[in-house]
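A.B. asks: Kindly generate the corresponding structure for this input.
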Amino acid sequence: MVTDEAVDICDELTRFSAAQAALLTSRGLVYLTDLKLDGGRHGTIVAASHAEAQAIARARGRGERVVGRMAYGFLHGLLQKVRLCA
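C.D. replies: The predicted structure follows:
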């Protein structure tokens, strides 16, 4: 079972409104991660670069791996199809 704390840690977009998340995504600041948490569910990291996202993932200590940058428009489709970290 994923706790609220785990969701907050692994999906940083939960801290933003949909409009803010879309803006961050459009600016290339959101990275998708593949967690080793409840069957490999996905999370997000807001970072200025891929290297920074990797450093954040390592610091979390959850076996997270940065998959890549989320593209504009991808976020809306992803949120419609799957629940991040839930």
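
A.B. asks: alpha carbons only for contacts and neighbour counts from here, please
C.D. replies: Will do.

A.B. asks: show me what contacts Glu64?
C.D. replies: Thr33, Asp34, Leu35, Lys36, Ala57, Arg58 (C-alpha atoms under 8 Å, 6 or more residues apart in numbering).

A.B. asks: Which of the helices or strands spans the last one?
C.D. replies: Assigned by DSSP states H and E, Arg58 falls within helix 50-60.

A.B. asks: Give me the buried positions along that helix.
C.D. replies: Of all the residues in helix 50-60, those buried under the rule 16 or more other C-alpha atoms under 10 Å are His50, Ala53, Gln54, Ile56, Ala57.

A.B. asks: mind listing the helices for this protein?
C.D. replies: 4-10, 18-26, 50-60, 74-81 (DSSP state H).

A.B. asks: Can you flag the weakest of the ones you listed by average pLDDT?
C.D. replies: Of all those, mean pLDDT reaches its minimum on helix 74-81 (a mean of 53).

A.B. asks: Burial check on Arg27, number of neighbours?
C.D. replies: When neighbours are counted by other C-alpha atoms under 10 Å, Arg27 registers 13.
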